[in-house]
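Enquirer: here are the coordinates; sequence isn't available:
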């Protein structure tokens with residue numbers, strides 16, 4: 001099949017400037033919507049992590065944790081928030097977006113040996129054990 005440019009017979013021409021302006025406006029609107037959704041997801045991730053930490057580790061332990069921050073890259077279909085325990089050692093809370101069954105992990109990075117380890121924790125005792133294993137005193 002061969003495509004042929006039609007002869008110019010239409011009275012009304014496409015306003016390419018208007019078409020491009022409409023497209024750019026649609027892109028800007030969508031970008032704004034996505035930023036707002038990301039902000040809401042970040043807030044939910046932090047709020048849920050705080051709540052789950054309180055339920056899992058107790059209110060006293062939860063109160064002494066630092067500031068929960070949203071993960072910079074959330075896994076697909078999940079909320080994730082992180083609190084730094086000490087430099088190079090963090091507690092990560094990951095939960096499905098339906099907010100069921102949050103899990104906690106201690107992520108520790110060793111600058112000397114250039115490696116990292118993760119330890120799943122489900123109680124205050126396990127959290128303390130994982131921190132000690134990571135060298136936190």
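Expert: All right, it came through fine. Keep in mind that what you see is a predicted model, and the values were worked out from it rather than measured.
Enquirer: now the worst-scoring helix or strand of the chain on mean pLDDT, how far from the centre of its chain.
Expert: Taking mean pLDDT, DSSP states H and E as the measure, the helices and strands of the chain show their lowest mean at strand 115-121, namely a mean of 90. Relative to the chain's own centre, strand 115-121 is displaced by 19 Å; criterion: C-alpha atoms, centre = their mean, to the nearest Å.
Enquirer: got the angle between the longest helix along the chain and strand 115-121?
Expert: Criterion DSSP state H: the longest helix present in the chain is helix 16-57. With axes from the mean of the first three to the mean of the last three C-alpha atoms, to 10 degrees defining the directions, helix 16-57 sits at 60 degrees from strand 115-121.
Enquirer: How far away from the center of its chain is the helix or strand just after helix 16-57?
Expert: Going down the chain from helix 16-57, the next helix or strand is helix 59-64, by DSSP states H and E. Relative to the chain's own centre, helix 59-64 is displaced by 23 Å; criterion: C-alpha atoms, centre = their mean.
Enquirer: gap between the two ends of stretch 72-86?
Expert: End-to-end span of stretch 72-86 (C-alpha to C-alpha, to the nearest Å): 19 Å.
Enquirer: what residues does that stretch touch?
Expert: The contact list for stretch 72-86 (C-beta atoms under 8 Å, 6 or more residues apart in numbering) reads 41, 44-46, 48-49, 53, 65-71, 90-97, 99, 106, 131, 136. (C-beta placed from N, C-alpha, C; glycine too.)
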